[in-house]
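In: I need the structure of the sequence given here:
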Amino acid sequence: MKKRILACLMAVMATASFTSCGSSDNGSSTDSTGNSQTSSTESAASSGEVTTVDFHYINFGTLADTAPVNDVINAYLEEQGKDVRVNLLMYDAASYNDQMNLMISSGEPVDLFLPLAGVSSCVSKGQIYDITDMAEANCPGAMELTSDWLKAATVDGRLYGIPVYKGIMLQNYFIASQAMVDELGIDLSTLSSLEDLPAVFDQVKAAYPDVYPLVPLNANAYNLLDFFLGTTNGYRIDMLGDRTNTCTGCIVGDDMTVVNLYETDAFRECCELAYEWQAAGYLMPDTSTSPDAASSLMAAKRGFATVGGYGNSPEVLSSNSLGGGSEPAYYQLIESPYLTSTSVSLNYVVGITSEHPEAALRFLDLTYTDEFVTNSILYGVEGRDYKKVTDQTITYADGVDATTVAYDSITTCGILGSQFIQWGRDQDEEQLIADREFMQSNIENAVVSPAFGFVFDSSPVKTEVSSVSNVITQYFNALTNGELDPSVYIDEFNQKLKDAGLEAIIAEKQAQLDAWKESN
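Out: Numbering: from 1, shown residues only. So this is what the prediction gives:
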């Protein structure tokens with residue numbers, strides 16, 4: 001589970017205890033669950049006293065001393081007349097979830113944190129505050145920005161968290177070697193579907209017999225099913241908390257009936273296409289067991305193109321080399337966005353042991369609305385860690401670089417407040433603004449799944465999930481890489497899934513989805 005949580009959080013990339021400097025909350029009451037709730041106005045806010053909130057966050061890079069950053073942010077908050085201060089507490093991703101759970105279970109005060117296991121899990125364990133009656137007054141900016149996403153943090157009609165506001169739509173791109181595109185004079189801008197690709201692949205094969213037309217973005221898997229679902233026949237499939245290679249039940253279109261993904265027409269058609277492409281020599285043989293990936297294959301001139309999901313615009317992606325390598329790549333977008341139940345899975349919450357939840361929400365709001373606060377958390381101290389280049393861009397401070405900078409939490413950018421007020425480091429400002437507009441447009445124009453906001457709790461069927469996962473691992477990559485004949489092996493695959501308990505998982509998922517639908 002821990003590996004799965006971290007993997008989900010990184011893909012995408014890309015989802016708190018407190019220190020008090022003010023008085024405790026007054027006017028508390030008890031809700032129907034027995035959790036202590038506060039009145040709509042805290043004593044600290046009404047009396048003008050200052051409250052310090054602990055903000056627990058993840059850094060995927062090197063852990064750093066946060067004290068100088070605290071000082072800079074708190075001096076700014078004092079200048080702005082705010083009644084909150086912050087104590088930043090940075091964690092590595094591997095230990096973060098366990099430490100949050102331990103602190104809450106031991107009764108230590110916890111203010112703000114991001115539960116990697118999801119909001120629903122925290123609610124079932126009684127770990128977080130119901131913020132329904134305090135969010136609008138104390139977190140108005142974040143509430144306005146994320147108003148369409150709040151379902152993702154709602155359980156039984158009550159709000160328990162605030163979603164991270166960012167470019168969440170990972171769209172599928174066809175990514176090709178810029179050098180080969182130029183040499184062959186191929187116009188990839190006309191690509192709009194999978195049906196357009198074989199003609200390009202044939203051209204590549206004729207010119208470069210030793211080059212694989214399509215190679216896997218990551219080792220062992222082409223991820224063709226993700227690409228297929230976004231580009232062919234208008235399929236809209238919500239995995240209900242899973243991925244294509246871990247799916248234990250999905251819904252198709254607007255039908256809220258949970259079905260087996262691997263029995264759908266979409267899965268069969270994808271496997272048939274992959275099998276055809278493998279036979280035609282478009283795909284790399286034995287991908288399922290090969291350690292090679294697109295970045296190394298394309299750099300070595302052994303691969304022409306790959307497919308993958310990204311949240312950025314084609315212009316921004318094309319300004320960088322593939323996977324940080326040396327090979328320039330051409331990115332062509334050929335997908336429309338679909339907002340599923342798992343598109344918004346990262347939410348900040350207030351720990352149930354917090355002594356001043358409303359102050360916590362007031363600080364949280366600043367990470368969605370205040371550029372200085374947000375970018376100080378990401379980049380540290382101006383003049384020491386970074387310097388401004390333009391209004392919206394920065395670079396490293398004089399005399400430091402990525403290896404010597406004292407504080408850097410840029411890897412937190414996808415899991416902090418609003419991405420749309422975050423500065424770009426060593427980035428063209430016009431390109432940065434255009435990229436924000438691209439992501440914002442995708443959010444506004446996305447088709448929304450009817451199950452958006454649903455979170456499946458797999459604990460009642462955890463034994464079956466483990467068994468089913470083993471079966472999926474055995475068949476999925478080989479089928480979607482075109483290495484197994486789908487006319488033979490899909491039926492065998494599905495029979496083994498049933499034997500492993502998939503039907504019990506689907507029944508449980510259907511029951512939870514029905515209950516969720518009733519309350520939403």
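In: Surely A360 and V53 touch.
Out: Yes. The pair A360 / V53 is scored as a contact, 4.9 Å apart, by CB atoms under 8 Å. Yep, even glycine has a C-beta here, placed from its N, CA and C like the rest.
In: In terms of neighbours, single out the busier of these two.
Out: Shown here are A360 and V53; by other CB atoms under 10 Å, A360 has more neighbours (32 against 27).
In: Any chance of the backbone angles for the closest residue to the more buried one other than its chain neighbours?
Out: Nearest residue to A360 in three dimensions, chain neighbours excluded: D111, at 4.2 Å (CB to CB, 6 or more residues apart in numbering). Torsion angles at D111 (phi, psi; degrees, to the nearest 10) stand at phi -90, psi -90.
In: Then K301?
Out: Main-chain torsions, K301, degrees, to the nearest 10: phi 60, psi 30.
In: Run a quick neighbour tally on it.
Out: K301: 14 surrounding residues under other CB under 10 Å.
In: Ramachandran angles for the nearest residue to it once chain neighbours are set aside?
Out: Nearest residue to K301, sequence neighbours excluded (CB to CB, 6+ apart): V211, at 6.7 Å. Note on V211: its backbone torsions stand at phi -110, psi 130 [degrees, to the nearest 10].
In: again, but for G399
Out: The phi/psi pair for G399 (degrees, to the nearest 10) reads phi 90, psi 0.
In: same deal with the one 3 residues further on?
Out: Its backbone dihedrals place A402 at phi -60, psi -30, with angles given as degrees, to the nearest 10.
In: Check the secondary structure at G81 for me.
Out: What DSSP: H, G, I helix; E, B strand; the rest coil gives for G81 is coil.
In: Could you tell me whether Q332 really is in a strand?
Out: Yes. The assignment for Q332 (three-state DSSP) places it in a strand.
In: Was I right to think it contacts S193?
Out: No. Assessed by CB under 8 Å, Q332 is found out of contact with S193, at 11.4 Å.
In: how close does the closest residue to D242 other than its chain neighbours sit to T390?
Out: Leaving out its chain neighbours, the residue that sits closest to D242 by CB to CB, 6+ apart is T248, at 5.8 Å. Here T248 is placed at a distance of 48 Å from T390 (CB to CB, to the nearest Å).
In: Look at the residue nearest to D242 and report its pLDDT.
Out: The score at T248 is 96. That number is its pLDDT.
In: what does V155 give?
Out: Note on V155: pLDDT of 85.
In: before we move on, what about L184?
Out: Note for L184: predicted pLDDT of 93.
In: What are the phi and psi values at it?
Out: According to degrees, to the nearest 10, L184 has phi -90, psi -10.
In: now E371
Out: Per-residue torsions, E371: phi -60, psi -40 (degrees, to the nearest 10).
In: excluding its backbone neighbours, what's nearest it?
Out: Leaving aside its sequence neighbours, E371 sits nearest to I421 (CB to CB, 6+ apart; 4.8 Å).
In: got the contact list for the one you found?
Out: 368-371, 374-375 (CB atoms under 8 Å, 6 or more residues apart in numbering).
In: Likewise for A305?
Out: Neighbouring residues of A305 by CB under 8 Å, 6+ apart: 174-177, 200, 204, 213-215, 298.
In: Would you format these as TSV with secondary structure, distance to F228 and neighbour count included?
Out: Below are the contacts of A305 laid out as TSV (DSSP: H, G, I helix; E, B strand; the rest coil; distance: CB to CB, whole Å; neighbours: other CB atoms under 10 Å):
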residue	secondary structure	distance to F228	neighbour count
F174	strand	13	23
I175	strand	16	25
A176	strand	18	27
S177	strand	22	26
V200	helix	17	23
V204	helix	20	23
P213	strand	17	23
L214	strand	13	24
V215	coil	17	24
M298	helix	22	30
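In: which pair in these spans the largest distance?
Out: Maximum pairwise distance among these (CB to CB): 15.1 Å, between V200 and M298.
In: doesn't F228 make contact with E269?
Out: Yes. Assessed by CB under 8 Å, E269 is found in contact with F228 at 7.3 Å.
In: So for the two, which sits in the more crowded spot?
Out: Of the pair E269 and F228, F228 is the one with more neighbours under other CB under 10 Å, namely 24 against 16.
In: helix or strand for that one, which one?
Out: helix 224-231 (DSSP states H and E).
In: what distance separates that helix from the middle of the whole chain?
Out: Taking CA atoms, centre = their mean, to the nearest Å, one finds the center of helix 224-231 at 18 Å from the center of the full chain.
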